[in-house]
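Participant: the following block contains a protein sequence and its predicted model.
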Amino acid sequence: MTSHKSGELEFVFPVPPATGEIIEVAPGILWARLPLPFRLDHVNIYLIDDGEGWAVLDTGLGTDASRAIWEQLLAGPLKGRPLTRIIVTHFHPDHIGLAGWLSQRFDLPLLTSQTTYLGCINISLSPGSLDAQPYRDFYVRHGLDPETTSIVLTRGHDYLQRVTPLPPTFQRLVAGDTLKIGQRSFSVVIGEGHAPEQVMLYCESERLFLAADQVLAKISPNVSVWAVEPDGDPLGLYLRSLQMLSTTIAEDALVLAGHQLPFYGLRIRIGELIAHHEQRCLLIADACRKQPCSAADLVPVIFHRPLDPHQMSFAFSEVQAHINFMLRQGRLIWSEPSGAVQKVIAA
């Protein structure tokens, strides 16, 4: 356990592990990094002492670059002890991408939530399913341009290039489960908003919290509405999950997240994340008091830097999450129809 300054996060590992290397962040818990070809250029993976070997938490993208780094790890710092099982926190490619490859290569069981497993399988079986007229209409109706709409709708094909086929069976992790890994017992905690039924692990006796992407030190995870659930409220679910974590996880827990640096100060960071999203809601309300706005109109209100089409698709979907949240709260209402694009105004 550690203490930290009031109002500030404490980073006890200020430098991440170099490529192909590891850092022991707690006795028997190793931290490694794999590269990502995005603005957020890395994903953290963890290896947990599992008696005879190491349990793997998340795997990196299913790319040759990630495979090469796994080969370095297996031939270097992990040499001499086998991998025992794979735990995947959620279905995003940077976390589940090499789960199938590792499982097949080493005959390892896969542990994850049912939604994670079935979501990945569904995209893999029907990668072009989003490119259907009802989904295309959703994005256009909220003001997205045709080019970006096409990028969003073909993301399933891109997903296949970054995720190796999953094993035909898995072991389901459910909220409230106790998962024994080596000599440690972890509570399975489930978060929503960033990804459905995202798995987190908490060892209460040692104050260790493997937070996946739910709570990151310096950025807010993407919280998006997608066309298959156009009226969904992922932001409401995300904020509800944050409140749950603030009462479930000890304030002095070491937070080991899916990106960026480990830190102490969970409740401080939760407060910052809640305030961040409220500030976005205030900006949206202010813009919608001046004139009716579509989701696409509101993207530059929230995101002030230039966005390429890939970034624009995520930004648009995140703005839509704030709109749906504010509609449920009664802070926004739909304006009178005036053409094909739906717009909202401040209530």
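Facilitator: Looks like it came in fine.
Participant: wait, doesn't residue 298 sit right on residue 319?
Facilitator: Yes: under the criterion of CB atoms under 8 Å, residue 298 makes contact with residue 319 at 4.9 Å. The C-beta positions use only the backbone N, C-alpha and C, and glycine is treated the same way.
Participant: which residues are contacting stretch 316-332?
Facilitator: 139, 142, 144, 148, 152, 222-226, 231-236, 239, 277, 280-281, 284-285, 288, 295-296, 298-299, 302, 333-334, 344-347 (CB atoms under 8 Å, 6 or more residues apart in numbering).
Participant: which ones among those lie within strands?
Facilitator: Among the contacts of stretch 316-332, the members found in strands (DSSP state E) are 333, 334, 344, 345, 346.
Participant: rewinding a little: and the contacts of stretch 316-332, which of them are in helices?
Facilitator: Cross-referencing these against helices under DSSP state H gives 139, 148, 152, 234-236, 239, 277, 280-281, 284-285, 288, 295-296, 298-299, 302.
Participant: where are the low-confidence patches of this structure?
Facilitator: Residues of the chain meeting the criterion pLDDT under 70: 1-6, 156, 337-339.
Participant: need the residue closest to the centroid of it.
Facilitator: residue 213 (4.1 Å; CA atoms, centre = their mean).
Participant: what's the distance between it and residue 226?
Facilitator: 16 Å (CB to CB, to the nearest Å).
Participant: what of residue 47?
Facilitator: 32 Å.
Participant: what segments of the stretch 101-250 of the chain are strands?
Facilitator: For the stretch 101-250 of the chain, applying DSSP state E, counting those that start in this stretch gives strands covering 110-112, 171-172, 178-181, 184-191, 198-203, 208-212.
Participant: what sits up against the fourth one?
Facilitator: It refers to strand 184-191. Against strand 184-191 from outside (CB under 8 Å, 6+ apart): 28, 48-49, 113, 173-180, 197-206, 208, 210, 212, 214, 238, 241, 244-245, 248-249.
Participant: can you rerun that using 7 Å?
Facilitator: Applying CB atoms under 7 Å, 6 or more residues apart in numbering, the contact partners of strand 184-191 are 113, 173-179, 197-204, 214, 241, 248.
Participant: neighbours around the closest residue to residue 147 other than its chain neighbours, how many?
Facilitator: Excluding its sequence neighbours, the residue lying closest to residue 147 (CB to CB, 6 or more residues apart in numbering) is residue 309, at 5.8 Å. A count of nearby residues for residue 309, using other CB atoms under 10 Å, gives 13.
Participant: ok, residue 309 to residue 316 distance?
Facilitator: 10 Å.
Participant: go on, residue 128?
Facilitator: If you go by CB to CB, the gap between residue 128 and residue 316 works out to 20 Å.
Participant: same question for residue 266.
Facilitator: Counting by CB to CB, the gap from residue 266 to residue 316 is 30 Å.
Participant: comparing these two, which residue is more hemmed in?
Facilitator: residue 316 (27 against 23).
Participant: in the helix or strand that contains the more buried one, what counts as buried?
Facilitator: Assigned by DSSP states H and E, residue 316 falls within helix 309-329. Neighbour-count burial for helix 309-329, counted by 16 or more other CB atoms under 10 Å, picks out 311-327.
Participant: bridge partners for residue 43, pull those for me.
Facilitator: Beta-bridge partners of residue 43, counted by DSSP bridges, are residue 34.
Participant: and what of the one 5 residues further on?
Facilitator: With DSSP bridges applied, the residues forming beta bridges to residue 48 are residue 29, residue 55.
Participant: so that it lines up with my notes, have the first residue be 422 from now on.
Facilitator: With the count now opening at 422, the last piece we talked about shows up as residue 469.
Participant: so it makes contact with residue 476?
Facilitator: Yes: counting by CB atoms under 7 Å, residue 469 does reach residue 476; the two are 4.6 Å apart.
Participant: spit out the residues that contact these two alike.
Facilitator: residue 602.
Participant: which residues touch residue 490?
Facilitator: By CB under 7 Å, 6+ apart, the residues touching residue 490 are 440, 441, 455.
Participant: ok, and it, which helix or strand is that part of?
Facilitator: Counting by DSSP H and E, residue 490 is part of helix 485-496.
Participant: now do that helix: distance to the chain's middle.
Facilitator: How far helix 485-496 lies from its chain's middle: 23 Å, per CA atoms, centre = their mean, to the nearest Å.
Participant: report the buried residues of it.
Facilitator: 487, 488, 490, 491, 494.
Participant: alpha carbons of it, in PDB - could you do that?
Facilitator: The C-alpha trace of helix 485-496 is given here as PDB (Å, rounded to 0.1, in the frame of the first residue of the first chain):
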ATOM      1  CA  ASP A 485       3.000  -9.700 -37.100                       C
ATOM      2  CA  ALA A 486       4.500  -6.900 -35.000                       C
ATOM      3  CA  SER A 487       2.700  -8.100 -31.900                       C
ATOM      4  CA  ARG A 488       3.500 -11.800 -32.600                       C
ATOM      5  CA  ALA A 489       7.200 -10.800 -32.900                       C
ATOM      6  CA  ILE A 490       7.200  -9.100 -29.500                       C
ATOM      7  CA  TRP A 491       5.500 -12.200 -28.000                       C
ATOM      8  CA  GLU A 492       8.300 -14.300 -29.400                       C
ATOM      9  CA  GLN A 493      10.800 -12.000 -27.700                       C
ATOM     10  CA  LEU A 494       9.000 -12.200 -24.400                       C
ATOM     11  CA  LEU A 495       8.700 -16.000 -24.600                       C
ATOM     12  CA  ALA A 496      12.300 -16.500 -25.500                       C
END
